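**Q** have a look at this prediction, sequence included:
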Amino acid sequence: MYQYVLKRLLLLFPTLLGAAVLVFFLMRLIPGDVCELRMAGTGAYFDKEALKICQDELGLNRPILVQFWEFIRGYATFNFGDSMYTGRPIVEEIVLRFQLSLQVAIMATITAILIAIPLGTISAIKQNTWIDYGVRAFSIAGIAMPSFWLGILIILGLLITTKSWFGAAWMPPIQYRPLWEDPVYNLTMLIWPAVATGYRYSAVATRMTRSAMLEVLREDYVRTARAKGLLEKIIIRRHALKNSLLPVVTVIGIEFAFLMGGLVVTEQVFNLNGLGKLFVESVTNFDYNMTQALVMLVVAVFVLTNFVVDVLYGWLDPRIHYR
Amino acid sequence: MAANPAYDPALDAPAEKQPLATRLMYLVRKQPLGAAGAFIVLIMVLSAIFAPVLSPYDPTANDFAAMAEAPSGAHWLGTDQFGRDLLTRIVFGARTALVVGFASALVGGIIGLVLGVASAYFGGRFDLLFQRVMDVFMAFPLIIMALAVVSIFGTGVQNVIIAITIPFIPRCARVVRSSALALREIPYIDAARACGYSHTRIILRHMVPNVMAPFLIMITAFVGQAILLEASLSYLGLGVQEPTPAWGLMLQGGAEEYAESAPWIAIFPGLAITLAVFGFNLFGDAVRDVLDPKLRSQ
Amino acid sequence: MKTFAMKTAAAFAVGAALALSAGAPGAAQAATPKKGGILKYVVPAEPPSFDGHRETSFALIHPIAPFYSLLIRVDPSVPYKSGNFVCDLCTEMPKPTDGGKTYTFKIRRGVQFSDGTELTAHDVVATYQKIIFPPQGVASARKAFYVMVDSVTAPDPYTVVFKLKYPSGAFIPALANPYNFIYSKAKLDQDMHWYEANIMGSGPFIFDGREAGAVIRGKRNPNYFHKGKPYLDGFEAIFAKKQSLRVQAIRGDRAAIEFRGFPPKSRDDLVKALGKDITVQESNWNCVLIVTPNHKKKPFDDVRVRRALTLAIDRWGGSKYLSKIAIVKAVGGVAFPGHPLAANKAELQKLAGYWPDLKKSRAEARRLLKEAGVPNLKFELHNRGVDQPYKIVGTWLIDQWKQVGMTVTQRVQPTGPFYATLRKKKDFDVSLDFNCQAVVNPLLDVAKFISDDKTGNNYGNYQDRELDKMFDAMNQEPDPKKQRAIMRKFEKRALDEQVNAMITLWWYRIIPYRSYVKGWYISPSHYLNQQLEPIWLDK
């Protein structure tokens, strides 16, 4: 077990290094750079001298391998550098956005669980009835609907319904305030993207709950419970549900890792100042340092979450042994 | 494409000799959602093929006498801000969606298939190295990869396909590899090796056919995802470009601007995407149920 | 859905700025400004560094300009008039001496930077030294605007003298550039790059914090030298990239105004939904999209093909219809419509692509294509990934060209790769490009069309020495009438005879905002008049 944990932890490094190589060279293949971008305003007049000064300042004229070495060396010493666009420390730029993305991810996960577990359970109990089909269609619709479209519909719906009910159009706040400072404000802002994303992610979890539940319902102990004459409700609640949750937890854990960097489109729709929006902006702004930092962050979160889920799974389910 | 008989769940129906209608009814009863999905997919394929016949309008011609008109007898789904018929653009958009969906699912799937099987077959260091590379691609944020690819190569249908294909490869390779690992130990592969067959032949002739089930499941799931991803890229302004009719593109820019006064511009293309992806997912689920013996027993 | 307000807008002369709906300009000025309140406005992008001398984005002007003063500026009470420059830090607009080669500015006394130090002529000189003669390793984006300047000196703490190499009508407009924030000499001496990451000026507001990617805040400067101002207690510049979201922000009163400009449809929706709570100001905009054929690429080296491209475009019709869906409106030539140097309608109609008879024009386009041997011309339009108005105009152009038998596809790139293609790869067929200047100054703005080795923003890959000569002659010509005559010849050559590039439609700036915002007047540029000190809230 310990050996397995250690091995898995060590595997984090080749993955991170690989991601570093990939993002570093991928970004530099995009034609243009942040200095050229700076000269895109006011008729795109560009001063060659100013361009060169900017490139020298950011070290963009150095040999590419030197730049790469600097990047790796910086990360090895926990020096993540400055944003090439705003010129501020990466950490300062990320902190606020990380907070927001984390909160949306948590809220979306809660929404997903609240939708998935009851629906998945009902779907399994009523397998192959119209209820089952309805639930499955509902959850698949969640994956099928483009999240940005759902977002547009939600904002529009809010504007129109509040206008017709209260006489004045209301829209969610567009500036972030932390939950502990102003919970009402914070929640009225983040509940919408959380619901939009949560619905989407509930689809996978619903499916998982359903199949896990189906499996458990055929287990011997459930049959025994039924034979004892226990009420179906009690069987489901006490015996089946608890045991079918393990795989569901796994799925939710992995989806959560995706959420951290994967809210790109949703954050665009709701103007959330989170990691996903920063991601798109840093790619389009040629902010190499920022993109690198974000990729490393997202990859690390992804790998670590997978690792934690695996270990937890093994720990919770005694049937699994790691070598 | 979707009608390729090899993957048609209809073939799985037990009573081969019965008339077609009976067999179809059996299928509809056994897999009602799958049948609904297949039906949606079929409609989409047909409308893509017969797009020019189905609509009297040109999908790209501007008509400034009919800007942002509400649905009517002349324009069933209304027109957009350039006066272009929405129904026509949606019907032609099905082509773009299908081309992008199938091309990226097939190309990504096949490359993933070959890589996954090869990795399992050769094992050892090659497998280890390959696994690490796949780890990197799996962990790499999908939309960022697509964003970078489109920024490098530029927008347009072809490049969108590339951008969507790349992230599919490792996902398919991983699933295929795990099925293929079990195969490696089976005696007939050893036998083939003993016969002195080349690696290529063993991989393509002996191993690949045996991992077709997970492969097909992946592919059907990919098509829907690819359509959705294409829409997302177009929405971010990085996908297919005007005047090519494409659903995601129709939702970008103007649609949001007009969402309130001309909601049809935003609603119908969104519905088209939802319905198409919905259809492919239902169909994919049915394919999985039919092909995956473990699930079939349920 | 035409409201009364819009009809009024259409009725007014082109080029005039209009405050519509509830508060007409006169009424607004009559009311006594109220003090207090926080103005919230949305900005489409986050600025890069804070250094105005180095950056070119309007995203810097909107949140940062209120922290600084300028030497001279466009009059904030009538910003829509061309050439109405007034003092900000100086006491009186100087008359040039020495045959137009010396300008002497007197600086106000008692002006303070927000750190309490006094602002003197030495600070103004240090600022302009940095802009015009930047030291090694310091970037100055608009250095080239000041080629005529020989020296900047301060004979005493309240006098600044600019000496020019030759008299130039372009000097004062260049000086009024809204990016020329006056910095503190002490800070610059300490570190030339200090202002990239810090803010410290003498403007109406004092920097009050930033949330990365979200907002920049300013609070009232109690020691501001324009007495009694600013009226606001502070402002919040909120970054919101998506246009639809910015519109909704105003609709839901999460923000009061956006200073760049909304499309006509959003204006109509806001007016319809909010009635008299929304006021609209509109103006012609000193920005224009230009169709730039790549002169190094066949068949666009052939003037007949270029001429066919321009003849196919229905500008008069486009002005009517496109202006309903995009932020473009006025038909114009190379000079800002409505400016004394601009062509009038009769003059325009003589140019290719502006003929009153569209049928004749398109027939001629087809004939020219045939004659050039490319009757079914196929090419790719290179465009920038910005919705308003780039992609809308692009879609419109493609349809226009289709009507004379051309097949055009579109390659859209994000801003970065878009300029990399224009500047480095140069492998496009025909590209959309734009010209957009802060201070309306056609004499310099038309530099866009002169030979690519003489200017920094001509991406058509051509040299036209005739145009270069006319450009220089025009800039050294003191008589406005003769300037105008040369401008016509310049225009004729650039747009008709050589068709080096094609003007599409000039942009149209529409600012719908919450009616409680008072004291702000639209200008023909989203770079101008953004210090916000005359604004007050009627709440």
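**A** Perfect, I can see it now.
**Q** could you find the closest non-adjacent residue to residue 288?
**A** Reading this off chain A. Take A:Y288 and drop its neighbours on the chain: the residue closest to it by Cβ to Cβ, 6 or more residues apart in numbering or on different chains is A:M27, 5.1 Å away. Any C-beta I mention is one placed from the backbone N, CA and C, and that applies to glycine too.
**Q** wait, I meant chain C there
**A** Nearest to C:V288 is C:W506, by Cβ to Cβ, 6+ apart, at 4.9 Å.
**Q** secondary structure element holding the residue nearest to A:Y288?
**A** Here A:M27 is covered by helix A:2-29, with elements defined by DSSP states H and E.
**Q** about what we covered before: which residues touch the residue nearest to C:V288?
**A** Taking Cβ atoms under 8 Å, 6 or more residues apart in numbering or on different chains, we find C:W506 in contact with C:N284, C:W285, C:C287, C:V288, C:V328, C:K329, C:A330, C:V331, C:G332, C:F336, C:P337.
**Q** tell me which two of these sit farthest apart.
**A** Greatest spatial distance in the contacts of C:W506: C:C287 and C:V331, 14.7 Å, computed using Cβ to Cβ.
**Q** show me what the helix holding A:M27 is packed against.
**A** helix A:64-76, helix A:288-316, helix B:124-139, helix B:142-153 (3 or more Cβ pairs under 8 Å, 6 or more residues apart in numbering or on different chains; DSSP states H and E).
**Q** tell me which of those sits most buried.
**A** helix B:142-153 (a mean of 23; mean count of other Cβ atoms under 10 Å in any protein chain shown).
**Q** okay, which residue is most central for chain A?
**A** For chain A, A:L259 is the residue whose C-alpha lies nearest the centre (Cα atoms, centre = their mean; 0.9 Å).
**Q** revised request: answer the last question for chain B.
**A** B:V223 (1.0 Å).
**Q** C-alpha coordinates for whichever strand or helix holds that residue, PDB please?
**A** Taking DSSP H and E as the criterion, B:V223 maps to helix B:212-235. Taking Å, rounded to 0.1, in the frame of the first residue of the first chain, the C-alpha atoms of helix B:212-235 are listed here in PDB:
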ATOM      1  CA  MET B 212     -13.800  -3.300 -31.500                       C
ATOM      2  CA  ALA B 213     -16.600  -3.200 -28.900                       C
ATOM      3  CA  PRO B 214     -15.000  -0.600 -26.500                       C
ATOM      4  CA  PHE B 215     -13.800   1.200 -29.600                       C
ATOM      5  CA  LEU B 216     -17.200   1.600 -31.100                       C
ATOM      6  CA  ILE B 217     -18.600   2.600 -27.700                       C
ATOM      7  CA  MET B 218     -16.000   5.400 -27.500                       C
ATOM      8  CA  ILE B 219     -16.600   6.500 -31.100                       C
ATOM      9  CA  THR B 220     -20.400   7.000 -30.700                       C
ATOM     10  CA  ALA B 221     -19.800   8.900 -27.500                       C
ATOM     11  CA  PHE B 222     -17.200  11.000 -29.200                       C
ATOM     12  CA  VAL B 223     -19.400  12.200 -32.100                       C
ATOM     13  CA  GLY B 224     -21.800  13.900 -29.700                       C
ATOM     14  CA  GLN B 225     -18.900  15.400 -27.700                       C
ATOM     15  CA  ALA B 226     -17.300  16.600 -30.900                       C
ATOM     16  CA  ILE B 227     -20.400  18.400 -32.000                       C
ATOM     17  CA  LEU B 228     -20.700  20.100 -28.600                       C
ATOM     18  CA  LEU B 229     -17.000  21.000 -28.500                       C
ATOM     19  CA  GLU B 230     -17.200  22.500 -32.000                       C
ATOM     20  CA  ALA B 231     -20.200  24.600 -30.800                       C
ATOM     21  CA  SER B 232     -18.200  25.700 -27.800                       C
ATOM     22  CA  LEU B 233     -15.200  26.700 -29.900                       C
ATOM     23  CA  SER B 234     -17.400  28.600 -32.400                       C
ATOM     24  CA  TYR B 235     -19.000  30.300 -29.400                       C
END
